[in-house]
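**Student:** Just a sequence and a predicted model for now, questions to come.
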Amino acid sequence: MAVEPMIEDPLRIGSHTFSSRLIVGTGKYATYELMAQALELSGSECITVAVRRERLIDAEGKNLLDFLDTDRYTILPNTAGCYSADDAVRVARLGREILSQMGNPGANWVKLEVLGDRKTLLPDPIGTLEATRRLIDEGFQVLVYTTDDPVVAKRLKEAGATSVMPAGSPIGSGQGVLNPNNIRICLEYLKDGDPDYPVIVDAGVGTASDVTVAMELGVDGVLLNTGIAHAKDPLMMARAMRLAAESGRLAYRAGRIPKKLYATASSPVEGTIAPSRS
Amino acid sequence: MEITVNGQVRTVSHGSTVADLLAELGLAHKLVAVEVNEQLVPKAQHGERRLAPGDRLEIVTLVGGG
């Protein structure tokens, strides 16, 4: 039987549908060319970008968009670097304006980050909730970066977030999913009576097994950037991440065996030969 | 008259519009979004939106990010 899990099992987030369960960032690559190749090898169809001031004097004149096949990717603009709800709302509007000009389907959504602390880049839950409400009022589908706190996650969903995206560990830290129990509780709360509600682990992924662990917990997708961009070989890591997402998703759907303290023989216990006498 | 563009003070002629400024900066055909005094000015309004002394503009584009 041919196994085409990602085709049978798409990722649905609001009005968007993807065959890949990875969302990958476009930041921190050594070159734009390397970024474009890594994005392709990751298999992702959804990529995140940031909104920043145009350089008014630029010798090289290179722009990210010159290196992206924008027909191929749905762009998810973020509000990274915003430390207040006001700033995040402004940046979300600016991102939407550019994506509207491009005719990209990503013009109707935003990855909301309202940060509370420069050292940990942990979100400000109060500013995040406020910005979520305001952006929803303005017609955005809001995918919201948060901690793995299940109560905050629930409040963000109740406010109308299209997807809640708990961090596995701090942004760019490469520590993986530090508290799988909190992610489990987030999943239980967010998917209660609403099993298709998309929950995405956003941030902290360091290597392929981190993606697999997250997917095996039952999250719908993983968003990562630094884990690929700063790997020694970003192209090889992009492939690894793609396979990890597929493996983790398949394992989750397949249903793992329970963990037991003692062994259970894999070979039949009956029909063994008589024990030696000598 | 003086305005501030991306944190830098610039002199533009009276009556300049957002579109005039973008042309002057060589950004007329670039994918950018513009805010004047913290309010988004959609592209369709760039030609009619006149700048006033002291206006604070942000001109942004998309860059790599996570």
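**Tutor:** Ah, there it is. In this text the structure is predicted, and so the values were computed from the model without any measurement. Numbers count the residues shown, from 1 in each chain, chains lettered A, B, ... in the order given.
**Student:** Run a quick neighbour tally on A:His230.
**Tutor:** 16 (other Cβ atoms under 10 Å in any protein chain shown). (Each C-beta comes from the backbone N, C-alpha and C, glycine too.)
**Student:** hang on, it packs against A:Gly27?
**Tutor:** No - under the criterion of Cβ atoms under 8 Å, A:His230 makes no contact with A:Gly27, lying 9.9 Å away.
**Student:** Next secondary structure after the strand or helix carrying A:Ala214?
**Tutor:** If you go by DSSP states H and E, A:Ala214 is part of helix A:208-217. Counting by DSSP H and E, the element after helix A:208-217 in chain order, helix or strand, is strand A:221-224.
**Student:** how far does that following strand sit from the chain's center?
**Tutor:** 2 Å (Cα atoms, centre = their mean, to the nearest Å).
**Student:** residues from the stretch 1-150 of chain A in reach of chain B?
**Tutor:** Listed as neighbours of chain B in the stretch 1-150 of chain A under the rule Cβ under 8 Å from any Cβ of the partner chain: A:25-29, A:32, A:35, A:48-54, A:56, A:63-65, A:75, A:77-78, A:80, A:90, A:93-95, A:97-98, A:101-102.
**Student:** and those residues, which are buried?
**Tutor:** A:25-29, A:32, A:35, A:48-52, A:54, A:63-65, A:75, A:77-78, A:80, A:90, A:93-95, A:97-98, A:102 (16 or more other Cβ atoms under 10 Å in any protein chain shown).
**Student:** Among the residues you listed, name the ones in strands.
**Tutor:** A:Gly25, A:Thr48, A:Val49, A:Ala50, A:Val51, A:Arg52, A:Ile75, A:Pro77 (DSSP state E).
**Student:** Turn the residues you listed into TSV, columns for pLDDT and distance to A:Gly106.
**Tutor:** Below are those laid out as TSV (pLDDT from 0 to 100; distance: Cβ to Cβ, whole Å):
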residue	pLDDT	distance to A:Gly106
A:Gly25	97	14
A:Thr48	98	9
A:Val49	97	9
A:Ala50	97	13
A:Val51	97	12
A:Arg52	96	17
A:Ile75	97	4
A:Pro77	98	7
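**Student:** May I ask you to confirm that A:Ala53 is in contact with B:Leu57?
**Tutor:** Not Ala; residue A:53 is Arg. No - the criterion here is Cβ under 8 Å, and A:Arg53 misses it with B:Leu57 at 10.2 Å.
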